[in-house]
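# Sequence and computational prediction follow.
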Amino acid sequence: MKFKQGLFLLFFQLVIVSFFGQETATKSSSIVLLSTKAEYIVDEEITLEFSSDKDVPFQLYCANSYGSTIIEPIISNQNIKFKIPRFLTKKRGAFSWKTINSEANIYGNITILPQQQPATIETYLGPPSIDAGESDYTMLVVIPTDSLDNPILDNSKVDVKHQFLKSEKKEPILTDKLIGFKNIYSPLKSGRMIISSESYGLNSKEFDINVMPAIATNFKLFVKRNHEYADGNQITTFFTSVIRDKNKNIISDGSYIEFYVTNKKGNILKTVGTTINGVAHAKIIHPDFEDNWKVKAFFIGISESDILEINYKKVIENYTVLFKDNNRNIKVGPLKSFMNQIIPDGLSVKLSIYKDNKLIKDFFKESNKGFANFYLDPNIFENDLYKIIIEAAEIKKEFKSFKLW
Amino acid sequence: MVKTNKRILRGVLMLTYVVIISILLFLISAVYTFLNTGADRSKMLHTEVKKVQQYLPKVTWKDDGNAGRKISLQKINAVENDYLDAWYVKQIAYKTNTRVGIEDYFTESARENIYNILDFNKLNKISIESTTLQHNLDIEFFSEDGQLIVLKDTNALEFKKVFKDDKLILQTTEVSTYRYVLLLEDGFWRIRHAVKESSEKFKNELTKTSIAYLDIKGINYYPQATPWNMYGDEFDINIIDKDFKIIKESGLNSIRIFVPYEDFGKANVKLDKLEKLKKLLDTAEKENLKVVVTLFDFYGNYDILDWTLNHRHAEKIVEKFKDHEAILAWDVKNEPNLDFDSRGKENVTAWLDFMINLIKSIDTKHPVTIGWSNTKSATILKDKVDVVSFHYYEDLENFESEYLALKDTIKDKPIILQEFGVSSYGGLWRPFASSNEEQANYYKEIQKVLTKNSIPFMSWTLYDFDKIPKEVLGRLPWRTNPQKKFGFITSDGIKKPSYKHISK
């Protein structure tokens, strides 16, 4: 037990002695930093010099904005020197160092500043197209960087220059938090804006922004046609007034305009056109019967036209129907137009055949040289009494007790 | 006679026939199923999420708006993701001196700065293992076209280990403030400019937390049927409740339990496990027992890139239970000094050091301790822990002197004997090594010392166990068998003679 106690005391003493031993070592720390400069410009040579009264060399840990490494010393006389490699000194930011394997770990920080003079102006501009009208804007972000790709110090002046038509402006901004930025608002007119920047005499390249017309306003609708007859042959053209935004800029070419036609029966016909110089044209064929159209055009979701009303006059007043070959051959015509000319081919003629007032079949034919011919096949239509109705250009003719034999 | 023989023969023949046919059928069906299980259609598109969480430092955002365009939460998440990934690839790069992944997170001109350092380090056989534990981010500017961000990271906490020729030469902790310009390129937020604005040495002034009471008479607890696997499917709060009643009746006032790291879901702590732990703590509170919770059981990596995951694990648990009345103290790790040989003393100590910082930053009410396996190690980090804990399985004779020696070195902090005990095993693998009587005697003797010096204690353990998982002591029977007999109560619930000395 005594032996153990002795051992314990010895151990205890050892602990205390080693404790004190350590204490003295730190006190008589023999490494002193001789370099006093704490601020450098990038790419300046940084050499940290230490004096040490012992010959034990030590290493230096150092870290910059991007990473850390260890540097081996250069020993000369009493002094220990560390030459910081260029890839660490060429980046802006706090540079920290710490001695390794030395009796006392001493550490410090060096501030590495960027060069004053920028070598490039990193420019980011977006969005690339904006609406005219002084409410939309694009943003110019500039990062003036020195020759070693470091953003230059905050509060550096950058002139933002922009040209639009006759106006040329130059406005100064100051960089803050590595960057400088400016919102550039659109002018009233559409067109192209040229933007550039300048810092400490260094000019950026040219950037451009498309100032697009803003959204369209309502417009008027017009019609153009050869004559006002419903001949089912001529073409009617609808066209819009010049469509503009609220600042009188003509909207972009190729804007898609839809034209909706509502006829007398309430049916809807549709045609479309795209704008050129603000005007959209759309075509539609004349109806082949007397009709009244109400037309309205839409720039879907954006604007619309007023309502345009047009009338089509009747062209065929009457026509004759001729029956031959036991009434099986039916010849409709001649179909004559407004000047009694033969109506152009293609007028639709419909023949409906009924038996006991029940529809059996509809025949459709288009007029050819003013006539439409129907043939009722005896294999299909037995000899009997029928009723037929012929319809062309909205003129109906009914033949009751129509006999086939 | 002949007839019966024939019948037997016939029966045997028929049976063999049936057996052969069934074997054949089984084989054919096995081949058939094998040929019919091909690519799973649901896996054809590879839609499963492959991302694993490998880097989760604590991130806080300063929500004070920014110059330029208003930023959405979704964008902020994307920036956070890519920014942390940038740190991760950088750390891998400096660890291995390879360039993998750097080009995804740094723009062409920025990555040159990293490559230069990597080349230098590779040439000089320097490698740097590092991690960051805390980032305090703030978006200062977001451009109108959504392509450029100025990001500030204030007081990022970096821990680095510097190796030269594969030898650790420096460990350093820095608190640095960075400012970045990030550009959105190819869907990645890439670092274009990085400027370290300032860097300081890490100073951590921890406030000391005193332990609620020191009259600890405790026991290390595992249920009899599920030792080392307390929160599995067989978790039964009624059994635990019954055991707690036994513990309380025996005159003890506290227990020590273990939280297994992987079982609890590592960084993403599973809710059902937390629920089980909560039930256990609630029951302890009901029985008026105090609990020392030992974290990181069955964990032994300590790798520096694992730290952030470990921290998220501890954070979840400590955050959830920091106000629980039953908690007596947090034990960071059980016997970490046993990992010194395999993982390196510096690694383990640094890991413990930062884990203490984390736990103490979350819970300011409960003390933190480390369950060292012997008195020699117990002085490690003595300035960081609130309570010094040690285990004692060595000679009973030396116990008092070792304790007094330890007490001499640690004057201002309470010392707890957190594990001690002896097996009553005297069977085949270690004949006559011990017996129930010897175990009782051991406790009787040690209790005298404990009372004399009023040492807070927690013994090992309540029950004898039937099965010890191989992860604990391996498979060797001469090691596992004695471990099964450390209890005060046999596996059949019969109190051993030592039970008399469980608390006095």
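Yes, it's here. Numbers count the residues shown, from 1 in each chain, chains lettered A, B, ... in the order given.

# For residue 378, give me its contacts.
I'll assume chain A. Counting by CB atoms under 8 Å, 6 or more residues apart in numbering or on different chains, A:Pro378 makes contact with A:Arg328, A:Leu404. (Glycine included, C-beta is placed from N, CA and C.)

# actually it's chain B I care about, not the one you picked
By CB under 8 Å, 6+ apart, B:Ala378 lies in contact with B:Trp372, B:Val388, B:Ser389, B:Phe390, B:Leu406, B:Ile410, B:Ile415.

# Counting neighbours, what do you get for the closest residue to chain B within chain A?
With CB to the nearest CB as the measure, A:Gly126 is the residue of chain A nearest to chain B, at 2.7 Å. If you count neighbours by other CB atoms under 10 Å in any protein chain shown, A:Gly126 ends up with 18.

# does the residue nearest to it when sequence neighbours are not counted sit in a helix, a strand or a coil?
Nearest residue to A:Gly126 in three dimensions, chain neighbours excluded: B:Asp145, at 2.7 Å (CB to CB, 6 or more residues apart in numbering or on different chains). Counting by DSSP: H, G, I helix; E, B strand; the rest coil, the backbone at B:Asp145 sits in coil.

# picking up where we left off before, quick one: the residue of chain A closest to chain B and B:Phe142 touch, right?
No: A:Gly126 is not in contact with B:Phe142 according to CB atoms under 8 Å; the separation is 11.9 Å.

# Which per-residue confidence value corresponds to whichever residue of the stretch 1-150 of chain B sits closest to chain A?
Taking CB to the nearest CB as the measure, the stretch 1-150 of chain B has B:Asp145 as its residue closest to chain A, at 2.7 Å. Note on B:Asp145: pLDDT of 90.

# What is the neighbour count of it?
Using other CB under 10 Å, B:Asp145 has 17 neighbouring residues.

# for the one 5 residues further on, same thing?
Each residue near B:Val150 was counted by other CB under 10 Å, and the total is 25.

# Name the helix or strand for it, please.
Using DSSP states H and E, B:Val150 falls within strand B:148-164.

# Now the following helix or strand past that strand: buried residues?
The element immediately downstream of strand B:148-164 (helix or strand, assigned by DSSP H and E) is strand B:167-185. For strand B:167-185, burial by neighbour count (16 or more other CB atoms under 10 Å in any protein chain shown) applies to B:169-184.

# name the helices or strands packed onto the following helix or strand past strand B:167-185?
Next along the chain after strand B:167-185, taking DSSP H and E as the criterion, comes strand B:188-201. Here strand B:188-201 touches strand A:93-100, strand A:107-113, helix B:73-96, helix B:102-105, helix B:108-123, strand B:167-185, going by 3 or more CB pairs under 8 Å, 6 or more residues apart in numbering or on different chains; DSSP states H and E.

# helix or strand right after the second one?
What that stands for is strand A:107-113. The C-terminal neighbour of strand A:107-113 among helices and strands, as given by DSSP H and E, is strand A:120-126.

# what's in contact with the helix or strand just after that following strand?
The helix or strand immediately downstream of strand A:120-126 is strand A:129-131, counting by DSSP H and E. Outside strand A:129-131, the residues within contact range by CB under 8 Å, 6+ apart are A:Asp136, A:Tyr137, A:Thr138, A:Ser186, A:Ile209, A:Asn210, A:Val211, A:Met212, A:Pro213, A:Ala214, A:Ile215.

# what's the answer for stretch A:277-288, then?
A:225, A:229-244, A:250-251, A:253, A:255, A:257, A:259, A:261, A:263, A:269, A:271-274, A:293, A:297, A:312, A:347-348, A:393.

# What's the end-to-end length of that stretch?
Start-to-end span of stretch A:277-288 (CA to CA, to the nearest Å) is 33 Å.

# buried set for that stretch?
Of the residues in stretch A:277-288, A:Gly278, A:Val279, A:Ala280, A:His281, A:Ala282, A:Ile284, A:His286, A:Pro287, A:Asp288 count as buried by neighbour count, 16+ other CB under 10 Å.

# Can you tell me the centre-most residue of chain B?
When CA atoms, centre = their mean is applied to chain B, the residue found nearest the centroid is B:Phe296 (2.1 Å).

# That one should be in a strand, yeah?
Yes: using three-state DSSP, the assignment for B:Phe296 is a strand.

# That one contacts B:His311, correct?
No: the pair formed by B:Phe296 and B:His311 falls short of the contact definition of CB under 8 Å, at 11.1 Å.

# Give me the below-cutoff pLDDT ranges for the stretch 51-200 of chain A.
Along the stretch 51-200 of chain A, the parts satisfying pLDDT under 70 run over A:54-55.

# And the helices in it?
Remark: helices assigned in the stretch 51-200 of chain A by DSSP state H, counting those that start in this stretch are A:86-89.

# That one: strands as residue ranges?
With strands called from DSSP state E, counting those that start in this stretch, the stretch 51-200 of chain A shows them at A:59-63, A:68-71, A:74-76, A:79-83, A:93-100, A:107-113, A:120-126, A:129-131, A:137-145, A:157-164, A:167-174, A:180-185, A:191-199.

# cool, the stretch 201-350 of chain B as well?
Counting by DSSP E, counting those that start in this stretch, the strands of the stretch 201-350 of chain B are B:217-220, B:254-260, B:290-297, B:327-334.

# Thanks a lot, see you next time.
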